[in-house]
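Undergrad: How does the following fold in three dimensions:
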Amino acid sequence: MQNVFIEPMPKGRWGPIDGYTLEFQDGTRVDSVLYRTESLAISEIKLRGYKPLVAKVRITDKEDATHWKAVEEAAA
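TA: Residues are numbered from 1 along each chain as shown. Sure, this is the predicted structure:
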């Protein structure tokens, strides 16, 4: 099962999070939707058969494993 990163938007800026996008390791988006909540994004990516990873920090780096945590099957 391929990992998909649930990225808070806007990227790299401080302030409120407007929504979440679904991205692969290389930064390409799974779709063009901006999900209003993290749980909606998790649900969508699980329906598509991917493994969701959520950010543990506000400014993320996909190469740094400490910035991400896997979503447990029971969650969301």
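
Undergrad: which outside residues touch the host helix or strand of residue 6?
TA: Here residue 6 sits within strand 3-9, counting by DSSP states H and E. Under the contact criterion CB atoms under 8 Å, 6 or more residues apart in numbering, strand 3-9 has outside partners 17-25, 30, 34, 38, 41-42, 45, 48, 50-55, 58, 60, 62, 68. From N, CA and C alone the C-beta is placed, and that goes for glycine too.

Undergrad: how long is stretch 41-57 end to end?
TA: This stretch, stretch 41-57, spans 17 Å end to end (CA to CA, to the nearest Å).

Undergrad: Give me the mean pLDDT for it.
TA: Taken as a whole, stretch 41-57 has a mean pLDDT of 96.

Undergrad: Enumerate residues external to that stretch that contact any of its residues.
TA: Contacts of stretch 41-57 (CB under 8 Å, 6+ apart): 1-8, 20-22, 30, 33, 35, 38, 66-71, 75-76.

Undergrad: Just the helices from this structure, written as ranges.
TA: Assigned by DSSP state H, the helices in the chain fall at 38-47.
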